[in-house]
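Asker: Turn this into a model:
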Amino acid sequence: MSQKFYVSHNGEQLGPYSFEEIVSKVNQGALTIMDYLYDEAKQDWVGFVEHQELLQHIKEAKPKAPPKQQESNELHETSAQNVAFLQAEKKAREVTSTQENQQNIMAEWYILKGENKFGPFAFTDVIKMLQQKLIFEFDYVWKKGMKAWVRIADMTAFQFENIKKLQETLMPEIQEIFFRRRHRRVRYGATILVHDNQSVWKGKSVEISQGGAGIIMDNAMIVPGQKLYLHFKPGDGVPPFNAVCEVVSKKYDENVKEKNSSVLYGVKFTNISEDAQGRLKEYAETGEDAA
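Answerer: Residues are numbered from 1 along each chain as shown. Sure thing, here's the model as predicted:
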């Protein structure tokens with residue numbers, strides 16, 4: 001008997017389903033690649049794109065033939081998720097904005113995560129996946145007209161400043177999507193020792209949650225995807241703790257030329273004690289929201 005999993009879709013628990021049933025429902029549009037399944041081994045909800053066994057089933061279900069070309073005037077069905085996006089498209093035509101942003105909003109985007117390709121997705125779906133940490137700034141995106149896959153961190157379309165601009169002009173609906181996070185982030189100041197099993201340098205945290213932190217390090221050479229070891233000293237009433245993490249974002253600054261320059265990084269915890277995670281959860285419930 002194949003293993004079955006409970007699934008979380010739009011805040012509703014469904015299932016249990018086998019991998020084959022999940023893949024089928026994704027293909028039918030009943031589930032999306034942005035949903036979660038509950039992994040008993042990890043005792044946690046895991047995104048579809050983060051579950052290696054499910055990814056293998058999705059790859060095996062990949063169509064063998066190329067897609068058929070559609071006539072430009074052909075009508076197609078849209079899911080409830082696409083309704084808000086289509087409304088945003090209409091609003092985009094009614095206000096003045098740059099041609100580039102209009103093209104980005106209306107484009108179909110594809111994602112390259114490791115060796116796995118996903119899509120197409122609406123612009124807002126890519127933003128949502130970034131905020132839910134289903135994809136990261138070191139993953140790649142492509143849309144029609146681009147010559148090659150480009151790292152998300154290098155795409156102006158998905159940089160924070162541009163998203164804020166869109167929120168205030170073309171797509172006010174982005175506010176709900178862009179600022180929704182899996183864990184509440186709060187301000188948190190603590191000194192950190194950081195190492196990568198080769199070198200050690202100093203850092204400090206500016207925000208934190210159960211799932212990760214925003215830290216400033218005196219090392220501009222760290223790249224998204226890199227594994228780091230953090231040793232947090234006591235800060236803001238939280239005892240010292242250790243964590244293994246993965247760098248998921250980097251605030252790029254073209255003016256930074258020196259290796260020891262300070263750079264802001266976003267990290268997700270990949271290994272942290274239950275006691276430390278519990279303390280961070282308690283702190284996040286009463287702490288001041290991060291900007």
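Asker: in the stretch 51-200 of the chain, which spans are helices?
Answerer: Assigned by DSSP state H, counting those that start in this stretch, the stretch 51-200 of the chain shows helices spanning 52-60, 80-94, 99-106, 123-131, 160-168, 174-178.
Asker: Give me the below-cutoff pLDDT ranges for the stretch 1-150 of the chain.
Answerer: 1, 59-99, 132-133 (pLDDT under 70).
Asker: just the strands in it please.
Answerer: Using DSSP state E, counting those that start in this stretch, the strands of the stretch 1-150 of the chain run over 5-9, 12-17, 36-39, 44-47, 109-113, 116-121, 140-143, 150-151.
Asker: Could you dump these into JSON lines with distance to Ser262 and mean neighbour count added?
Answerer: Backbone N, C-alpha and C define where each C-beta goes, glycine included. Formatted as JSON lines, the strands of the stretch 1-150 of the chain follow (distance: least, Cβ to Cβ, whole Å; neighbours: other Cβ atoms under 10 Å):
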{"stretch": "strand 5-9", "distance to Ser262": "38", "mean neighbour count": "18"}
{"stretch": "strand 12-17", "distance to Ser262": "43", "mean neighbour count": "14"}
{"stretch": "strand 36-39", "distance to Ser262": "35", "mean neighbour count": "20"}
{"stretch": "strand 44-47", "distance to Ser262": "31", "mean neighbour count": "15"}
{"stretch": "strand 109-113", "distance to Ser262": "30", "mean neighbour count": "20"}
{"stretch": "strand 116-121", "distance to Ser262": "34", "mean neighbour count": "17"}
{"stretch": "strand 140-143", "distance to Ser262": "27", "mean neighbour count": "20"}
{"stretch": "strand 150-151", "distance to Ser262": "22", "mean neighbour count": "15"}
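Asker: and the nearest residue to Gly212 once chain neighbours are set aside, what are its bridge partners?
Answerer: In space, and not counting its chain neighbours, Gly212 is closest to Lys268: 4.0 Å by Cβ to Cβ, 6 or more residues apart in numbering. In this entry, Lys268 is beta-bridged to Gly212, Glu246, by DSSP bridges.
Asker: Burial check on Lys268, number of neighbours?
Answerer: Lys268: 18 surrounding residues under other Cβ atoms under 10 Å.
Asker: I figured it hits Gly211, correct?
Answerer: Yes - here Lys268 reaches Gly211: they are 5.8 Å apart, a contact under Cβ atoms under 8 Å.
Asker: Ile192 pairs with what?
Answerer: Gly203, Phe232.
Asker: who are the neighbours in contact with Ser205?
Answerer: Ser205 sits next to Tyr188, Gly189, Ala190, Ile192, Ala213, Gly214, Ile215, Ile216, Phe232, Gly235 when contact means Cβ atoms under 8 Å, 6 or more residues apart in numbering.
Asker: And for the one helix or strand Gly278 maps to, what's in contact with it?
Answerer: Here Gly278 is covered by helix 274-286, with elements defined by DSSP states H and E. Residues outside helix 274-286 that contact it (Cβ under 8 Å, 6+ apart) are 183-186, 188, 208-210, 236-239, 241-243, 269.
Asker: Name the residues of that helix that come out as buried.
Answerer: Within helix 274-286, the residues that count as buried by 16 or more other Cβ atoms under 10 Å are Ala276, Arg279, Leu280, Tyr283, Ala284.
Asker: Would you format the residues you listed as TSV with pLDDT included?
Answerer: Listed next are the buried residues of helix 274-286 as TSV, based on pLDDT from 0 to 100:
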residue	pLDDT
Ala276	88
Arg279	88
Leu280	89
Tyr283	88
Ala284	85
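Asker: Return the closest of those residues with respect to Gln13.
Answerer: Each of these was scored against Gln13 by Cβ to Cβ, and Ala284 proved nearest at 23.8 Å.
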